[in-house]
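Q: Fold the following, please.
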Amino acid sequence: MDTVATLKKPSSKEACEHFDVLVVGAGISGIGAAYHLKQQCPGMRFVVLEGLESFGGTWLMHRYPGVRSDSDLYTFGYRFKPWTGTPIATGEEILRYIGDVIEEDDLARDIRYKHKILAATWSSKDNRWTIEGIKADGGEPFRITANFLWMCQGYYRHSEGYTPEWKGMETFKGKIVHPQTWPKDLDYKNKNVIVIGSGATTATVVPAIAGDCKHVTVLQRSPTYFVPARNENELANTLRDLEIKEEWIHEIVRRKILRDQDMFTHRSFHEPETVKQELLAGVRAYLGPDYDIATHFTPKYRPWQQRLAFVPEGDLFKGIAAGKATMVTDEIERFEEKGIRLKSGQLLEADIVITATGFNLSVLGDIDFTIDGKPLDFSQAITYRGMMFTGVPNLVWIFGYFRASWTLRVDLICDFVCRLLNHMKAKGARRVSVALRPEEKDMPLLPWIDPQNFNPGYMMRSMHLLPKRGDKPEWQHTQDYWSEKDQLPAIDLDDRVFVYEGGKPAIKSRVAEAAE
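A: This is a model prediction of the structure:
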């Protein structure tokens, strides 16, 4: 269905506000973008549009028991805002952290909540984007124009998680719940609960509910690598004992963690079997030598081919060792009235089934994009460093890291965008796009991410929706923070890959004209 056609247009008498930059999303990426715009592009008018009722994105929407980060907050936090709590933080703590940034840097005035964007239209004639959508309160339509569109909405659909269609689900007499849409009134006390999945969400939910449930069974098709460790940072503790400033502690600890992560990632590629045995030994230390580690905790893929799941204080394994939770590695044949029948023939009885089975990828926020009257087929674009795209002017998408904290790339791309915007202003350019250089016209085009490098299910299911990558580093999202931290700041903005064009004088909103 054509979303734009069904959208009621605002009255011609209404002011159509215009901004230099429009930021989509008020999660950790969007708030980072707002901060950097204010700091690095003074005088540039921008607005942040958020479809939800408040800031936080993932950390606002995810309300399942025990929700927490699976990255340390020294690197998941912004570089400009010191983190002072434990490395692995609760969702509530992360929301408070983001809220502090909004308050301390006076960003609230630039954010508009309950603004759901439905369509984005680019006009080369006017060199601007027209954004149309509805306000959640009452469904009132809105229209805003902007010179530059900054997509900070993340990469998955908030409204629903991914749940496979298994046979017989309709016959199950209990409740089926996805963590992403966890009911506030879900009563799991003294109930038999099955959690389907083996990733970070499972590692979070199970220890949070196991103490209240009659029993929890973790049902996985295949195992995941886990990293059990203490939820504290000894270096940070030592520096605090020495009364070092928090700004210094944040930077020093970030650098130490990033160096250690770089070494670990390097080892996972060059000595995968040794790393594998180290990870398994960490699990065995909690579960003992007689536990069947080979069946339940030994993946078929090498370490870091999919995301590692951090287990603070080994809480998941403590629950298993105490008999509160059981691991079952098998495949689902069908749902039945009392539970789940496995392909082995075993019946797992349950009152509640929790499907911690992943995300649905959302490409560009499920917004209808049009470029000069033609619908945008994003899958036919080629990505420039995983942030800009051929054929799509004046747009950047923040797509973070998987092997390192997402927010590390937020800061790097924010620096790039602010530098690009200031460069365009200095050149008098109103449009910038990326294009293959002549020598790259016959470059092989490949999927967004190499599945031999990184292949989680949510990416593999939706790879056909994402742009293509080339065989050169600048034409792909390398997922390599340790290279990009030097490469992105060094990008030559006058390289032939960037095509700048001028245009008519910048338009003014009726609001701005009235102020004059």
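Q: What is the subsequent helix or strand relative to the lengthiest strand in the chain?
A: Ranked by number of residues, the top strand in the chain under DSSP state E is strand 141-151. Where DSSP states H and E defines the elements, the next helix or strand beyond strand 141-151 is strand 175-177.
Q: what's that next one packed up against?
A: Under the contact definition 3 or more Cβ pairs under 8 Å, 6 or more residues apart in numbering; DSSP states H and E, strand 175-177 sits against strand 352-355. Glycine gets a C-beta too; all of them are placed from N, C-alpha and C.
Q: Can you report the mean pLDDT over the residues of the strand it packs on?
A: Computed over strand 352-355, the mean pLDDT rounds to 98.
Q: Could I get the phi/psi values of the closest residue to residue 178 other than its chain neighbours?
A: Counting by Cβ to Cβ, 6 or more residues apart in numbering, residue 178 lies nearest to residue 161, which is 4.1 Å off, once chain neighbours are set aside. Dihedral angles phi and psi of residue 161 (degrees, to the nearest 10) take the values phi -90, psi 180.
Q: Now that residue 161 has come up, it's in contact with residue 360, right?
A: Yes - if you go by Cβ atoms under 8 Å, residue 161 and residue 360 touch, sitting 6.8 Å apart.
Q: quick one, which of those two is more surrounded?
A: residue 161 (22 against 17; other Cβ atoms under 10 Å).
Q: quick one: contacts for the more buried one?
A: By Cβ atoms under 8 Å, 6 or more residues apart in numbering, the residues touching residue 161 are 178, 179, 180, 181, 355, 357, 358, 359, 360.
Q: which residue is nearest the middle of this structure?
A: Per Cα atoms, centre = their mean, the C-alpha nearest to the average position across the chain is that of residue 154, at 4.7 Å.
Q: how about that residue, what does it touch?
A: Contacts of residue 154 (Cβ under 8 Å, 6+ apart): 25, 27, 29, 57, 58, 362.
Q: does the residue nearest to residue 81 when sequence neighbours are not counted sit in a helix, a strand or a coil?
A: Nearest residue to residue 81, sequence neighbours excluded (Cβ to Cβ, 6+ apart): residue 101, at 5.5 Å. With DSSP: H, G, I helix; E, B strand; the rest coil as the basis, residue 101 sits in helix.
Q: Correct me if wrong: residue 101 contacts residue 78.
A: Yes - counting by Cβ under 8 Å, residue 78 is a contact partner of residue 101 at 6.9 Å.
Q: who touches both of these two?
A: By Cβ under 8 Å, 6+ apart, the residues touching both residue 101 and residue 78 are residue 35.
Q: now the protein, which segments are flagged as low pLDDT?
A: 1-15, 454-458, 503-516 (pLDDT under 70).
Q: Quick one: residues in contact with the longest helix belonging to it.
A: Counting by DSSP state H, the longest helix found in the chain is helix 246-270. The contact list for helix 246-270 (Cβ under 8 Å, 6+ apart) reads 72, 74-75, 77, 79, 82-84, 233, 235-236, 239-240, 244, 274-275, 302-304, 403-404, 408, 481-482.
Q: which stretches of the stretch 301-450 of the chain form helices?
A: 315-321, 406-427 (DSSP state H, counting those that start in this stretch).
Q: And the first one, what does it pack against?
A: Under the contact criterion of 3+ Cβ pairs under 8 Å, 6+ apart, the helices and strands touching helix 315-321 comprise helix 200-209, strand 226-229, helix 272-287, strand 325-329.
Q: So which bits of the helix or strand following the second one are buried?
A: The element immediately downstream of strand 226-229 (helix or strand, assigned by DSSP H and E) is helix 234-241. Using 16 or more other Cβ atoms under 10 Å as the burial criterion, the residues of helix 234-241 that qualify are 236, 239.
Q: Next, the angle helix 246-270 makes with helix 234-241.
A: Interaxial angle of helix 234-241 relative to helix 246-270 (axes from the mean of the first three to the mean of the last three Cα atoms, to 10 degrees): 170 degrees.
Q: Please look at residue 343 and residue 330 and confirm they touch.
A: Yes - assessed by Cβ under 8 Å, residue 343 is found in contact with residue 330 at 6.2 Å.
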